[in-house]
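J.: Just to be clear, the model below is a prediction. Sequence and coordinates:
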Amino acid sequence: MSCGCKTSGDSSHSCGTKSANGCESVDTCGNSYKLSVFDWLSDINNPSQSQTDFVEVRFKNDHKFFYKNVNKLPLHIGSIVTVESSPGHDIGVVSLTGELVKIQMKKKYVTEDNPLKIYRLANQKDIEVWQEYRAKEESVKIQARKIAYALNLDMKISDVEYQGDGGKVTFYYTAENRVDFRQLIKEYASLFRTKIDMKQIGFRQEAAKIGGIGSCGRELCCSTWLTDFRSVNTNAARYQQLSINPQKLAGQCGKLKCCLNYELDSYLDALSDFPSSNSTIDSVKGKAFCIKIDVFKKRMWFAYVDHSMAWYDLDVQEVKKLLSQNKKGEKAPPLEELKTNDIPVKSVDLIQENNVDRFERRDRNSGKNQKRRPNNQNQNQPRGNRKPAENQNQTEKRNQPRREKQPTENAKPAQPQAKKFKKKTPPKRDENT
């Protein structure tokens, strides 16, 4: 039996559905970490005697809903249950119980009126049927894409989800415009012999279902932990002084990256101390406008209107003083006099990251062995018998045999003898051949 990890029924580990503790690996196995919830009230006794009968049940992908435990079943996180659906019944995994369910229902604006019910704990037959339909989903998705392509519909089938009893199949698709899929539903109904439900999703939801690796080298946030998708606009990139490059700012879904909102509040807090980027300084040499802002160094770059190629970086406090002078009717001094040059800080490589030879062993005694001694022969002799180096060289020259006289300056230098090569005689021809 399976607890429904990964795609709600594809994991191979066993799950005690009727045990007191439920599935032991439901929080760690597969891709269930996005839908799994940490119950931080599990070790705390409930002060109120009335406990809630609602539980949170998760299905494939990011599909979750709240059901009422009418029969007072002993449910725990990881228990596989058979729940009410339209039509028939569905199979899901309990993801949250206790008082935290009330908080989640308030957060998602779910009322307790006319709730859906939990029928029973799923038995072995229910789970086998559930896994059988889960195994069909990939082949059904490929067939559905072929039919949509044959009908020339501008849409993409992203995912397919079967109901637990096979009474309904939901096709998730993405499209930029409205799609008339009346003929498509007829083709699907005649081929798959079940109720067809078409559900349009956004491109961010599609990326969350498919998954992938982002430009940061990590798994996509939407497929791992991000559940609510906030709107992202180009102003977030402008506040962070990023270049408006669609190729760099767009994610796997083709929209602006969700991570542009992560540090936006910190940038807005830092920019609150800056003057407006549209502010101009009226100096003696003319007006200067702002070109660039460095949030971390708290600097602003200005350039003259007449000569915009030269940039002058000023501190934020200095810019405020100059703007206050302009409000009083006074002109600011030339920007060349106010420009401050940063002293470059020399970085020290403490762990020698840039040194290629940091992993090689160095012989400490190598320097001692490299010292040369001029006369090794005198070292072996006693001090009394040692001779100076000049006298010793003279005695060596006397003992050498006499050489031939060296040629004079006017004489021609001897030419090196040419090498004699043996002539290769060709083989004798036989006249009879």
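T.: That came through, no problem.

J.: where does the chain dip in pLDDT?
T.: Counting by pLDDT under 70, the ranges of the chain that qualify are 1-37, 42, 46-50, 339-356, 358-359, 361-433.

J.: That one: strands as residue ranges?
T.: Secondary structure of the chain, counting by DSSP state E: strands at 54-58, 64-68, 80-84, 89-96, 116-121, 156-162, 168-174, 195-200, 280-283, 286-294, 299-304, 312-315.

J.: and the longest one, which strands flank it?
T.: Put plainly, it is strand 286-294. In the sheet containing strand 286-294, its partner strands are strand 280-283 (antiparallel), strand 299-304 (antiparallel), by DSSP bridges.

J.: Contacts for the shortest one, please.
T.: This means strand 280-283. The set of residues external to strand 280-283 that reach it, using C-beta atoms under 8 Å, 6 or more residues apart in numbering, is 287-290, 302, 304, 319, 322-323, 326, 331-335. Using the backbone N, CA and C atoms, a C-beta is placed for each residue, glycine as well.

J.: just to revisit the earlier point, just so I know, which of the strands paired with strand 286-294 lies nearest residue 128?
T.: Proximity to residue 128, assessed across the strands paired with strand 286-294 by C-beta to C-beta, is greatest for strand 299-304 (67.4 Å).

J.: Return the alpha-carbon coordinates of the closest one using PDB.
T.: The C-alpha coordinates for strand 299-304 follow below in PDB (Å, rounded to 0.1, in the frame of the first residue of the first chain):
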ATOM      1  CA  ARG A 299      26.000  56.800  -3.700                       C
ATOM      2  CA  MET A 300      24.300  58.600  -6.600                       C
ATOM      3  CA  TRP A 301      25.900  59.300 -10.000                       C
ATOM      4  CA  PHE A 302      25.200  62.600 -11.700                       C
ATOM      5  CA  ALA A 303      26.200  64.000 -15.100                       C
ATOM      6  CA  TYR A 304      25.800  67.400 -16.700                       C
END
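
J.: Please identify the buried residues of it?
T.: Neighbour-count burial for strand 299-304, counted by 16 or more other C-beta atoms under 10 Å, picks out 299-300, 302-304.

J.: so what's the spatially closest residue to residue 115 that is not a sequence neighbour up against?
T.: Counting by C-beta to C-beta, 6 or more residues apart in numbering, the nearest residue to residue 115 once its immediate chain neighbours are dropped is residue 68, at 4.2 Å. Under the criterion of C-beta under 8 Å, 6+ apart, the contact list for residue 68 reads 53-54, 112, 115-118.

J.: Pull the number of nearby residues for the residue nearest to residue 147 when sequence neighbours are not counted.
T.: Closest residue to residue 147 in three dimensions, ignoring its sequence neighbours and counting by C-beta to C-beta, 6+ apart: residue 187, at 5.1 Å. Other residues near residue 187 come to 17 when the count uses other C-beta atoms under 10 Å.

J.: next one: residue 252
T.: Should you count by other C-beta under 10 Å, residue 252 turns out to have 20 residues around it.

J.: That one against residue 214, yeah?
T.: Yes - under the contact definition of C-beta atoms under 8 Å, residue 252 touches residue 214, with a separation of 6.8 Å.

J.: Now do the shared contacts for these two.
T.: Joint contacts of residue 252 and residue 214 (C-beta under 8 Å, 6+ apart) are residue 220.

J.: just so I have it, where are all the helices in the stretch 101-250 of the chain?
T.: Listed in chain order, the helices of the stretch 101-250 of the chain (DSSP state H, counting those that start in this stretch) span residues 124-150, 182-192, 203-210, 221-224, 234-239, 246-249.

J.: can you list these in TSV and add distance to residue 272?
T.: Below are the helices of the stretch 101-250 of the chain laid out as TSV (distance: least, C-beta to C-beta, whole Å):
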stretch	distance to residue 272
helix 124-150	50
helix 182-192	53
helix 203-210	30
helix 221-224	27
helix 234-239	11
helix 246-249	24
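
J.: Relative to residue 308, which of the ones you listed is closest?
T.: In terms of C-beta to C-beta, the element of these nearest to residue 308 is helix 234-239, at 20.3 Å.

J.: In that closest one, which residues are buried?
T.: Judged by neighbour count (16+ other C-beta under 10 Å), helix 234-239 contains these buried residues: 236-237, 239.

J.: can you check stretch 166-185 too?
T.: Using 16+ other C-beta under 10 Å as the test for burial, stretch 166-185 gives 166-174, 179, 181, 184.

J.: and residue 203, how far is that from residue 333?
T.: Computed as C-beta to C-beta, to the nearest Å, the residue 203 to residue 333 distance reads 53 Å.

J.: wait, residue 161 sits on residue 59?
T.: Yes - the criterion here is C-beta under 8 Å, and residue 161 meets it with residue 59 at 7.4 Å.

J.: Can you add distance to residue 44 and give the strands of the chain back as CSV?
T.: Putting the strands of the chain into CSV (distance: least, C-beta to C-beta, whole Å) gives the following:
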stretch, distance to residue 44
strand 54-58, 18
strand 64-68, 22
strand 80-84, 25
strand 89-96, 15
strand 116-121, 25
strand 156-162, 36
strand 168-174, 38
strand 195-200, 39
strand 280-283, 61
strand 286-294, 49
strand 299-304, 51
strand 312-315, 53
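
J.: related to what we said a few turns ago, how close does the residue nearest to residue 115 sit to residue 109?
T.: When residue 68 is compared with residue 109 (using C-beta to C-beta), they lie 17 Å apart.

J.: Could you do residue 64 as well?
T.: Computed as C-beta to C-beta, the residue 64 to residue 109 distance reads 14 Å.

J.: try residue 291
T.: Here the criterion is C-beta to C-beta. By it, residue 291 lies 47 Å from residue 109.

J.: Who has more neighbours out of those two?
T.: residue 291 (14 against 6).

J.: dump the residue contacts of that one.
T.: With C-beta under 8 Å, 6+ apart as the criterion, the residues that contact residue 291 are 301-303, 308, 311.

J.: cool, and residue 219?
T.: With C-beta under 8 Å, 6+ apart as the criterion, the residues that contact residue 219 are 211-213.

J.: Could you provide those in CSV, with additional columns for distance to residue 43 and neighbour count?
T.: As requested, these are arranged in CSV below (distance: C-beta to C-beta, whole Å; neighbours: other C-beta atoms under 10 Å):
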residue, distance to residue 43, neighbour count
211, 33, 13
212, 37, 13
213, 37, 11
